[in-house]
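Trainee: Generate coordinates for the sequence data below:
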Amino acid sequence: MRLLLAILFPPLVFFTINRPFQGLMNALLWLTFIGWPVAAMWAIYALSQYRNDELRRDMEYDRGYYDRRYSRY
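Mentor: Presented below is the predicted three-dimensional model:
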């Protein structure tokens, strides 16, 4: 859903991933006809980075759980 939003309305993606300043900058770029493809690519890239950060946080949380459970100390 967010990917479709990134293509059609790029600034809204930044607001959904808690980056409002980048959303405003993207809105300025999106308003120009030539800047629309660039704004869409920027939104897709930011969305992929956000997903990677989420996965990394989940993996670190899971690893911490197992480290505490199976450690000797």
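Trainee: For the strand or helix carrying P11, buried residues please.
Mentor: Here P11, judged by DSSP states H and E, is contained in helix 10-16. Judged by neighbour count using 16 or more other C-beta atoms under 10 Å, the buried positions of helix 10-16 are 10-14. Where C-beta positions appear, they are placed from N, C-alpha and C, glycine not excepted.
Trainee: got a markdown table for those, with distance to L29 and pLDDT too?
Mentor: Written out in a markdown table, the entries for those read as follows (distance: C-beta to C-beta, whole Å; pLDDT from 0 to 100):
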| residue | distance to L29 | pLDDT |
| --- | --- | --- |
| P10 | 8 | 91 |
| P11 | 9 | 92 |
| L12 | 14 | 93 |
| V13 | 13 | 93 |
| F14 | 11 | 93 |
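Trainee: from those residues, which single one is nearest N52?
Mentor: Taking C-beta to C-beta as the measure, V13 is the one of the buried residues of helix 10-16 closest to N52, at 15.0 Å.
Trainee: what about the closest one, distance to Y61?
Mentor: 25 Å (C-beta to C-beta, to the nearest Å).
Trainee: remind me, longest helix of the protein?
Mentor: When the chain is scanned for its longest helix (criterion: DSSP state H), the result is helix 36-70.
Trainee: tell me which strands and helices it is in contact with?
Mentor: Helix 36-70 makes packing contacts with helix 2-8, helix 10-16, helix 20-31 when contacts are defined by 3 or more C-beta pairs under 8 Å, 6 or more residues apart in numbering; DSSP states H and E.
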